[in-house]
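[1] Quick check, what structure comes out for this input:
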Amino acid sequence: MRHPPMHAILHSMNALDYLAALRKRGLTQEEISRRCGVPQSTLSRIETGTTRNVMLSTYLALQSLCAEMRIRVRPS
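    Down below sits the predicted model:
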């Protein structure tokens, strides 16, 4: 199975989409941080819109946690 190019995925989804889906499931920033290794302060900046430039590793960690929890995420 071929996967779409990374830039196409990143263009249609953003870290906030994944973070919002995890929060909707009732996870706190601290729980998400612990489970995916992203600092809580980074999650806070994403959630409040203080940062838009998210490192690929952060994006992939949030994406991976959603997949692990079988959370379907739709672009905002």
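
[2] by contact count, what packs against the host helix or strand of residue 18?
    Assigned by DSSP states H and E, residue 18 falls within helix 15-24. Here helix 15-24 touches helix 29-36, helix 40-48, helix 56-68, going by 3 or more CB pairs under 8 Å, 6 or more residues apart in numbering; DSSP states H and E. All C-beta spots, glycine's among them, are computed from the backbone N, C-alpha and C.

[3] Can you get me a residue count around residue 63?
    Neighbours of residue 63 under the rule other CB atoms under 10 Å: 18.

[4] correct me, but it touches residue 17?
    No. Using CB atoms under 8 Å, residue 63 makes no contact with residue 17, being 9.3 Å away.

[5] Could you name every residue contacting both of these two?
    Jointly contacting residue 63 and residue 17 under the rule CB atoms under 8 Å, 6 or more residues apart in numbering are residue 73.

[6] now residue 16, nearest residue through space, not along the chain?
    Among residues not flanking residue 16 along the chain, residue 46 sits closest, at 5.6 Å (CB to CB, 6 or more residues apart in numbering).

[7] Report pLDDT for that neighbour.
    What the model reports as pLDDT for residue 46 is 94.
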